[in-house]
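Participant: Below is the sequence, then the predicted model.
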Amino acid sequence: MREWLTNLLQQQSDLMVCGEAETAPAALSVVASAKPDLVIADINLKSSSGVELIKDLKRLHPEVPVLVLSMHDESLYAERVFRAGARGYVNKRETAQKMVEAIRRVLDGKLYVSEKAAEVLAGETTRGRTVNHSAIELLSDRELEVFDKLGQGIGTRQIAEDFHVSVKTVQEYCARIKEKLKLNNATELLREAVRWHDGKNPD
(Lines give C-alpha, C1' and ligand atoms only; values in the text may rest on other atoms or scores of the structure.)
Protein backbone atom coordinates (compact mmCIF):
# COMPACT_ATOMS: atom_id res chain seq x y z
CA MET A 1 0.00 0.00 0.00
CA ARG A 2 2.83 2.41 0.83
CA GLU A 3 4.51 1.66 -2.49
CA TRP A 4 1.28 2.31 -4.41
CA LEU A 5 0.63 5.54 -2.52
CA THR A 6 4.21 6.72 -2.99
CA ASN A 7 3.98 6.14 -6.75
CA LEU A 8 0.66 7.98 -6.86
CA LEU A 9 2.00 11.00 -5.02
CA GLN A 10 5.26 11.15 -6.97
CA GLN A 11 3.16 11.54 -10.12
CA GLN A 12 1.71 14.79 -8.77
CA SER A 13 3.69 17.90 -9.70
CA ASP A 14 2.96 19.58 -6.36
CA LEU A 15 3.53 16.62 -4.03
CA MET A 16 6.62 14.71 -2.88
CA VAL A 17 7.13 11.83 -0.45
CA CYS A 18 9.95 12.66 1.97
CA GLY A 19 9.84 9.56 4.17
CA GLU A 20 8.16 6.25 5.01
CA ALA A 21 7.81 4.11 8.14
CA GLU A 22 6.28 0.78 9.10
CA THR A 23 5.98 1.23 12.88
CA ALA A 24 4.94 4.05 15.19
CA PRO A 25 8.45 4.64 16.66
CA ALA A 26 9.94 4.71 13.16
CA ALA A 27 7.23 7.15 12.04
CA LEU A 28 8.01 9.54 14.90
CA SER A 29 11.70 9.38 14.02
CA VAL A 30 11.04 10.08 10.32
CA VAL A 31 8.77 13.01 11.11
CA ALA A 32 11.39 14.51 13.41
CA SER A 33 14.11 14.28 10.75
CA ALA A 34 12.18 14.87 7.50
CA LYS A 35 9.89 17.62 8.86
CA PRO A 36 7.02 16.91 6.45
CA ASP A 37 4.12 19.23 5.67
CA LEU A 38 1.70 16.32 6.16
CA VAL A 39 1.67 12.85 7.70
CA ILE A 40 -0.47 10.09 6.17
CA ALA A 41 -1.07 7.50 8.89
CA ASP A 42 -2.68 4.07 8.86
CA ILE A 43 -4.83 2.81 11.74
CA ASN A 44 -3.27 -0.66 11.58
CA LEU A 45 0.36 -0.65 12.69
CA LYS A 46 2.60 -3.47 13.86
CA SER A 47 2.12 -3.98 17.60
CA SER A 48 0.57 -0.55 18.16
CA SER A 49 -2.44 1.61 17.38
CA GLY A 50 -2.51 4.28 14.72
CA VAL A 51 -4.73 6.39 16.95
CA GLU A 52 -2.01 6.48 19.61
CA LEU A 53 0.46 7.51 16.91
CA ILE A 54 -1.82 10.42 15.97
CA LYS A 55 -1.92 11.53 19.60
CA ASP A 56 1.87 11.34 19.84
CA LEU A 57 2.28 13.30 16.60
CA LYS A 58 -0.04 16.04 17.82
CA ARG A 59 1.85 16.23 21.11
CA LEU A 60 5.34 16.24 19.60
CA HIS A 61 4.66 17.94 16.25
CA PRO A 62 1.43 19.93 16.63
CA GLU A 63 2.19 21.92 13.49
CA VAL A 64 2.07 18.82 11.24
CA PRO A 65 -1.44 17.82 10.10
CA VAL A 66 -2.35 14.13 9.98
CA LEU A 67 -4.51 12.44 7.35
CA VAL A 68 -5.68 8.92 8.21
CA LEU A 69 -5.76 6.27 5.49
CA SER A 70 -7.44 3.08 6.66
CA MET A 71 -9.16 -0.09 5.55
CA HIS A 72 -11.73 0.49 8.32
CA ASP A 73 -14.85 2.37 7.30
CA GLU A 74 -15.59 5.70 8.92
CA SER A 75 -18.32 4.34 11.18
CA LEU A 76 -15.68 2.49 13.21
CA TYR A 77 -12.95 5.09 13.67
CA ALA A 78 -13.92 8.54 12.37
CA GLU A 79 -14.81 9.96 15.78
CA ARG A 80 -11.70 8.53 17.42
CA VAL A 81 -9.20 9.76 14.86
CA PHE A 82 -10.63 13.28 14.73
CA ARG A 83 -10.73 13.42 18.51
CA ALA A 84 -7.08 12.31 18.53
CA GLY A 85 -6.19 15.24 16.29
CA ALA A 86 -6.41 13.98 12.70
CA ARG A 87 -7.47 16.45 10.01
CA GLY A 88 -8.98 13.90 7.64
CA TYR A 89 -9.98 10.27 7.15
CA VAL A 90 -9.81 8.43 3.80
CA ASN A 91 -10.91 4.84 3.25
CA LYS A 92 -8.46 2.72 1.26
CA ARG A 93 -11.31 1.76 -1.05
CA GLU A 94 -11.60 5.35 -2.26
CA THR A 95 -10.32 6.27 -5.71
CA ALA A 96 -6.84 7.66 -6.26
CA GLN A 97 -8.44 10.97 -7.19
CA LYS A 98 -10.25 11.14 -3.83
CA MET A 99 -7.04 10.38 -1.94
CA VAL A 100 -5.14 13.14 -3.72
CA GLU A 101 -8.08 15.49 -3.14
CA ALA A 102 -8.02 14.71 0.60
CA ILE A 103 -4.25 15.26 0.79
CA ARG A 104 -4.44 18.63 -0.94
CA ARG A 105 -7.37 19.71 1.21
CA VAL A 106 -5.59 18.93 4.47
CA LEU A 107 -2.39 20.56 3.19
CA ASP A 108 -4.52 23.64 2.50
CA GLY A 109 -5.38 23.80 6.20
CA LYS A 110 -8.88 22.36 5.87
CA LEU A 111 -10.60 19.22 7.17
CA TYR A 112 -11.37 16.34 4.85
CA VAL A 113 -14.61 14.75 6.02
CA SER A 114 -16.51 12.31 3.82
CA GLU A 115 -20.29 12.23 3.91
CA LYS A 116 -20.24 9.04 5.96
CA ALA A 117 -17.72 10.46 8.43
CA ALA A 118 -19.86 13.58 8.79
CA GLU A 119 -22.84 11.38 9.70
CA VAL A 120 -20.76 9.54 12.28
CA LEU A 121 -19.55 12.77 13.85
CA ALA A 122 -23.15 13.98 13.96
CA GLY A 123 -24.13 10.81 15.83
CA GLU A 124 -26.47 9.53 13.14
CA THR A 125 -25.09 6.03 12.59
CA THR A 126 -25.70 4.35 15.94
CA ARG A 127 -28.80 2.46 14.79
CA GLY A 128 -28.68 -1.30 14.88
CA ARG A 129 -26.16 -1.55 17.70
CA THR A 130 -27.19 -3.85 20.51
CA VAL A 131 -24.17 -3.11 22.69
CA ASN A 132 -24.56 0.22 24.43
CA HIS A 133 -22.53 2.84 22.56
CA SER A 134 -21.10 4.28 25.78
CA ALA A 135 -19.79 0.79 26.62
CA ILE A 136 -18.07 0.55 23.24
CA GLU A 137 -16.32 3.82 24.06
CA LEU A 138 -14.65 2.02 26.98
CA LEU A 139 -12.72 -0.19 24.55
CA SER A 140 -9.19 0.80 23.65
CA ASP A 141 -8.42 1.31 19.97
CA ARG A 142 -6.83 -2.14 19.66
CA GLU A 143 -9.70 -3.79 21.56
CA LEU A 144 -12.15 -2.16 19.17
CA GLU A 145 -10.17 -3.47 16.20
CA VAL A 146 -10.28 -7.00 17.66
CA PHE A 147 -14.02 -6.67 18.39
CA ASP A 148 -14.69 -5.59 14.82
CA LYS A 149 -12.63 -8.43 13.35
CA LEU A 150 -14.53 -10.93 15.50
CA GLY A 151 -17.71 -9.45 14.07
CA GLN A 152 -16.40 -10.15 10.58
CA GLY A 153 -16.00 -13.81 11.48
CA ILE A 154 -12.21 -13.69 11.74
CA GLY A 155 -10.68 -16.11 14.23
CA THR A 156 -8.17 -15.30 16.96
CA ARG A 157 -5.24 -16.93 15.14
CA GLN A 158 -5.80 -14.83 12.03
CA ILE A 159 -6.30 -11.70 14.13
CA ALA A 160 -2.98 -12.42 15.83
CA GLU A 161 -1.27 -12.71 12.44
CA ASP A 162 -2.88 -9.51 11.18
CA PHE A 163 -1.71 -7.54 14.22
CA HIS A 164 1.67 -9.30 14.50
CA VAL A 165 1.01 -10.40 18.07
CA SER A 166 0.58 -13.77 19.79
CA VAL A 167 -2.70 -15.65 20.04
CA LYS A 168 -2.43 -15.27 23.82
CA THR A 169 -2.35 -11.49 23.42
CA VAL A 170 -5.53 -11.58 21.31
CA GLN A 171 -7.17 -13.78 23.95
CA GLU A 172 -6.24 -11.17 26.57
CA TYR A 173 -7.87 -8.48 24.42
CA CYS A 174 -11.00 -10.64 24.21
CA ALA A 175 -11.05 -11.09 27.97
CA ARG A 176 -10.84 -7.34 28.51
CA ILE A 177 -13.59 -6.73 25.94
CA LYS A 178 -15.89 -9.20 27.71
CA GLU A 179 -15.23 -7.49 31.02
CA LYS A 180 -15.86 -3.98 29.70
CA LEU A 181 -19.01 -4.96 27.80
CA LYS A 182 -20.21 -7.16 30.69
CA LEU A 183 -20.39 -10.30 28.55
CA ASN A 184 -20.29 -13.68 30.24
CA ASN A 185 -18.55 -15.91 27.73
CA ALA A 186 -17.03 -16.25 24.26
CA THR A 187 -20.39 -17.05 22.69
CA GLU A 188 -21.90 -13.77 23.90
CA LEU A 189 -18.78 -11.93 22.77
CA LEU A 190 -19.02 -13.35 19.26
CA ARG A 191 -22.76 -12.68 19.04
CA GLU A 192 -22.43 -9.07 20.12
CA ALA A 193 -19.42 -8.53 17.84
CA VAL A 194 -21.42 -9.77 14.85
CA ARG A 195 -24.38 -7.58 15.79
CA TRP A 196 -22.10 -4.57 16.22
CA HIS A 197 -20.44 -5.15 12.85
CA ASP A 198 -23.76 -5.72 11.07
CA GLY A 199 -25.30 -2.71 12.80
CA LYS A 200 -22.64 -0.31 11.55
CA ASN A 201 -22.74 -1.84 8.06
CA PRO A 202 -26.48 -2.10 7.32
CA ASP A 203 -27.57 -3.48 3.96
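Facilitator: Great, that's in hand.

Participant: Report how many residues lie close to the closest residue to residue 71 other than its chain neighbours.
Facilitator: Nearest non-adjacent residue to residue 71, counting by CB to CB, 6 or more residues apart in numbering: residue 92, 4.9 Å away. Every C-beta, even on glycine, is put in place using the N, C-alpha and C of the backbone. Residue 92 sits with 14 neighbouring residues when counted by other CB atoms under 10 Å.

Participant: Hmm, residue 68 and residue 92 touching each other?
Facilitator: No: contact status for residue 92 versus residue 68: not in contact, 10.4 Å apart, counting by CB atoms under 8 Å.

Participant: From residue 66, how far out is the spatially most central residue of the chain?
Facilitator: Residue closest to the mean C-alpha point of the chain, counted by CA atoms, centre = their mean, is residue 43 at 3.3 Å. Noted for residue 43: a distance of 12 Å to residue 66, by CB to CB, to the nearest Å.

Participant: and if you look at residue 13?
Facilitator: Taking CB to CB, one finds residue 13 at 24 Å from residue 66.

Participant: which one of these two has more residues nearby?
Facilitator: Higher neighbour count among residue 13 and residue 66: residue 66, with 24 against 5, using other CB under 10 Å.

Participant: for the nearest residue to residue 49 once chain neighbours are set aside, phi and psi?
Facilitator: Leaving aside its sequence neighbours, residue 49 sits nearest to residue 141 (CB to CB, 6+ apart; 4.0 Å). Dihedral pair for residue 141: phi -60, psi -40, per degrees, to the nearest 10.

Participant: you'd agree residue 141 is up against residue 51?
Facilitator: Yes: counting by CB under 8 Å, residue 51 is a contact partner of residue 141 at 4.3 Å.

Participant: what is in contact with these two at once?
Facilitator: Residues touching both residue 141 and residue 51 (CB atoms under 8 Å, 6 or more residues apart in numbering): 43, 77, 80.

Participant: For those, give me a markdown table that also has distance to residue 163.
Facilitator: Below are these laid out as a markdown table (distance: CB to CB, whole Å):
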| residue | distance to residue 163 |
| --- | --- |
| 43 | 11 |
| 77 | 15 |
| 80 | 17 |
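
Participant: Where is pLDDT lowest across these?
Facilitator: Checked by pLDDT, the shared contacts of residue 141 and residue 51 have residue 77 as the lowest-scoring entry (79).

Participant: what residues are up against that one?
Facilitator: Residue 77 touches 43, 51, 68, 70, 89, 141, 144, counting by CB under 8 Å, 6+ apart.

Participant: Now do the SS call for it.
Facilitator: Three-state assignment for residue 77 (DSSP: H, G, I helix; E, B strand; the rest coil): helix.

Participant: Number the residues from 696 up from this point.
Facilitator: Noted, 696 is the first residue going forward, which turns the last one into residue 772.

Participant: Any figure for the gap between it and residue 737?
Facilitator: From residue 772 to residue 737 the distance is 11 Å (CB to CB).

Participant: Isn't the residue nearest to the centre of the chain up against residue 745?
Facilitator: Yes: using CB under 8 Å, residue 738 makes contact with residue 745 at a distance of 3.9 Å.
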